[in-house]
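Visitor: Next input, structure requested:
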Amino acid sequence: MLLMLVTHSSLVFGQYPNYRIYPSTSNQIEPSIVVHPTNPDIMFASAFTIRLSFRSEGIYLTTNGGVNWFGTDTCNGSPISNHGGDPGPIIDKNGNLILTHQGGFILGMYSNYSTNMGQTWSSNYQIAGNDQDKGSPATDNIASSQFYGRTYLVWTRFTNPYPVVLSYTTNSGSNWSGVIQINNSLSSRQSVGPMMAVGPDGKNYVTWASALLSSPFNEDCIGFAVSSNGGLNWSVTECAYDCNGIKSSSLAPWGVRVNGYPQIDIDKTGGTRNGWIYIVTAEKNLSPAGTDPDIVFHSSSDGGNTWSAGVRVNQDPLNNGKNQILPAITVDGFGGINVIYFDGRNSADSAQIYLSRSTNGGSNWADYLVSDHKFLPKSISGAGSGNQGDNLGLTYTNNKLWPVWMDDYTGVYQIWTAPIDLNSVSISQISSNVPGDFRLEQNYPNPFNPVTNLEFGISEPGFVSLKVYDLLGKEVSVLVNEKLSPGIYKSTFNGSNFASGVYFYKLEADNFVQTKRMVLLK
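Guide: Predicted coordinates:
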């Protein structure tokens, strides 16, 4: 097996430097990424890889918290021809790697496993032979769960009633259970894009889009199901709440195939929102989404029995004709909700990656530009009509977010990342009330040791900068450097790495500039 090592400098990632985790000449799309359940320095990412007519799944790993990555664009589980992309990476409780995928030229859903960090892989195990779909795996890593260590795969069955189905393994992928049907689908609908998450109670939660079987074929509502006995039986709600998905074979202005499949994660922090369930989708023409694709968020605090009203995640102006698509979601160790997505807000035709983060259960969101470059989305030869990939990936470990996405900035679609240190994502929107003018408040507490809060008001949408300087005028910290919508914001400055003394913080927004003084006293 050919292995490649990628190294980058160990910076504090306040400005999200972008790099490829495995530079190659293959097209790499549809990335996913997971973290080892007991070793936060180990991450396993995968992608659908395409070289002319050859298809496979990439194997990309780090064992030192993302400082170095190694891997290959080809999963070597035999037969090599029995790989068709749509990868689902998992690391189970034993530290074994499991990879689910399509069968390629051999119809079906398959898996492989590795006990040596991806150096070699088992032969393909046929989970199902009569479907070929984008499966979503999940593993139960809740030590107190009755089903601790069980790994699951959910996908759509392409025969009437077009349901979501499931299989599971209890032995790291050596073999899998028979296929279990979860739901029946609504009349004249199919259940597509299913995704599973395991809650802190060990219950299994699955969501999917209920899509029309006739024109316009879009996702019309979100389905939801819960199992408390390891996936054997399910309590099903075929339409948990309404949506209006963006499914299209050619989304303007990019001309790429898109979907409005739901993405799910659950708060397992043990905090005040422990067990809350979060779902995001790409929608349009249904409030709170506008006339162009927006990312819409719903939450449940009671195990999926009831759901909140929708909240628009992206904070660019409503109905501005710009696309936000393909969200991925993860809850970090602080209980923050993080969503990444492709975003066209800064260009007439190109896209970038944005992160939106909420620190109050999804009521308010702040946007952060992640990309340091733009690219023009386009279809890829050999990936299917209009396809540039159907999903992005996002995970959390060691106080950092790790997004993975595909773009062709180098001339070929590659998987990129930009590790985001949450110590540098120090801003939250605390009110959507629009102040009459820009303003910068005095920090509190002041003097402080070592953390202080800085509040400011934004009266017009635009680029905002909030920076900290020492007594000599040297810039020592960038707290905000992005476009913000109108509202009241709070940023946190942590002076634990700085000497006692006088510091200044300066807000620049539109034509407004104001500087205030603060004192760090240790």
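Visitor: who does whichever strand or helix holds residue 327 pair up with?
Guide: In this structure, residue 327 sits in strand 324-331 according to DSSP states H and E. Strand 324-331 has the following strand partners under DSSP bridges: strand 337-343 (antiparallel).
Visitor: Which SSE is immediately downstream of the strand it pairs with?
Guide: strand 352-358.
Visitor: just how off-centre is whichever helix or strand comes after that following strand within its chain?
Guide: The element immediately downstream of strand 352-358 (helix or strand, assigned by DSSP H and E) is strand 366-369. Offset of strand 366-369 from its chain centre (Cα atoms, centre = their mean, to the nearest Å): 14 Å.
Visitor: what angle do the strand holding residue 327 and strand 352-358 make?
Guide: 40 degrees (axes from the mean of the first three to the mean of the last three Cα atoms, to 10 degrees).
Visitor: Grab the most central residue of the protein for me.
Guide: Centrality entry for the chain: nearest residue to the mean C-alpha point is residue 328, 2.5 Å, by Cα atoms, centre = their mean.
Visitor: Report the buried residues of stretch 78-85.
Guide: Residues of stretch 78-85 classed as buried: 82, 83, 84, 85 (neighbour count, 16 or more other Cβ atoms under 10 Å). (Glycine included, C-beta is placed from N, CA and C.)
Visitor: Run the chain-centre distance for that stretch.
Guide: 27 Å.
Visitor: Now do that stretch: distance from first to last residue.
Guide: 14 Å (Cα to Cα, to the nearest Å).
Visitor: do the same with stretch 384-394
Guide: 24 Å.
Visitor: Can you spell out the domain ranges of the protein, please?
Guide: 1-119+410-425, 133-220, 243-390, 428-520 (automatic domain parsing).
Visitor: For the stretch 151-300 of the chain, just list every one of the strands.
Guide: 151-156, 164-169, 180-181, 189-198, 204-212, 219-227, 235-242, 248-251, 256-258, 263-266, 277-283, 294-300 (DSSP state E, counting those that start in this stretch).
Visitor: right, so of those strands, which gets closest to residue 370?
Guide: Comparison of the strands of the stretch 151-300 of the chain against residue 370 by Cβ to Cβ identifies strand 294-300 as nearest, at 14.1 Å.
Visitor: Return the closest one as PDB; C-alpha atoms alone will do.
Guide: What follows is strand 294-300, C-alpha atoms only, in PDB (Å, rounded to 0.1, in the frame of the first residue of the first chain):
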ATOM      1  CA  ASP A 294     -30.800  28.300   3.300                       C
ATOM      2  CA  ILE A 295     -29.700  26.000   6.200                       C
ATOM      3  CA  VAL A 296     -32.600  25.400   8.600                       C
ATOM      4  CA  PHE A 297     -32.300  24.100  12.100                       C
ATOM      5  CA  HIS A 298     -34.800  22.300  14.400                       C
ATOM      6  CA  SER A 299     -34.300  20.900  17.900                       C
ATOM      7  CA  SER A 300     -36.000  18.500  20.300                       C
END
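Visitor: Can you list the strands that it pairs with?
Guide: Assessed with DSSP bridges, strand 294-300 is paired to strand 277-283 (antiparallel), strand 311-312 (antiparallel).
Visitor: could you give the angle of the longest one to strand 204-212?
Guide: Using the same axes, to 10 degrees, the direction of strand 277-283 lies 20 degrees away from that of strand 204-212.
Visitor: For residue 342, give the beta-bridge partners.
Guide: residue 325, residue 353.
Visitor: what's the pLDDT at it?
Guide: Predicted confidence (pLDDT) for residue 342: 97.
Visitor: Settle this for me: it is touching residue 326, isn't it.
Guide: Yes: at 5.3 Å, residue 342 and residue 326 qualify as touching, with contact defined as Cβ atoms under 8 Å.
Visitor: more neighbours, these two?
Guide: More neighbours surround residue 326 than the other of residue 342 and residue 326, with 30 against 27 (other Cβ atoms under 10 Å).
Visitor: where's residue 430 relative to residue 488, distance?
Guide: Remark: distance between residue 430 and residue 488 (Cβ to Cβ, to the nearest Å) = 5 Å.
Visitor: How about residue 295, nearest residue that isn't a chain neighbour?
Guide: Leaving aside its chain neighbours, residue 295 sits nearest to residue 313 (4.0 Å; criterion: Cβ to Cβ, 6 or more residues apart in numbering).
Visitor: May I have the residues that are in contact with the one you found?
Guide: 280, 294, 295, 296, 297, 324, 327, 339, 341, 356, 358, 365 (Cβ atoms under 8 Å, 6 or more residues apart in numbering).
Visitor: Let me have the buried residues of stretch 78-85 in a markdown table, adding pLDDT and secondary structure as columns.
Guide: Formatted as a markdown table, the buried residues of stretch 78-85 follow (pLDDT from 0 to 100; DSSP: H, G, I helix; E, B strand; the rest coil):
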| residue | pLDDT | secondary structure |
| --- | --- | --- |
| 82 | 92 | coil |
| 83 | 94 | coil |
| 84 | 92 | coil |
| 85 | 90 | coil |
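Visitor: ok, so of these, who is nearest residue 458?
Guide: residue 85 (43.0 Å).
Visitor: how many other residues sit next to residue 397?
Guide: 23.
Visitor: Bridged to it, which residues?
Guide: Residues in beta-bridge contact with residue 397 (DSSP bridges): residue 400.
Visitor: How about the contacts made by residue 241?
Guide: Residue 241 sits in contact with 221, 222, 298, 307, 310, where contact means Cβ under 8 Å, 6+ apart.
Visitor: ok, now with 7 Å
Guide: By Cβ atoms under 7 Å, 6 or more residues apart in numbering, residue 241 lies in contact with 221, 222, 298, 307.
Visitor: For the last one, the count of nearby residues, please.
Guide: Other residues near residue 307 number 18, with proximity taken as other Cβ under 10 Å.
Visitor: thinking it is in contact with residue 297, fair?
Guide: No: judged on Cβ atoms under 7 Å, residue 307 makes no contact with residue 297 at a distance of 10.5 Å.
Visitor: Nearest spatial neighbour of residue 123, chain-adjacent residues omitted?
Guide: Residue 123 sits nearest to residue 78 (Cβ to Cβ, 6+ apart), 5.0 Å away.
Visitor: Revised request: answer the last question for residue 81.
Guide: Nearest residue to residue 81, sequence neighbours excluded (Cβ to Cβ, 6+ apart): residue 105, at 5.9 Å.
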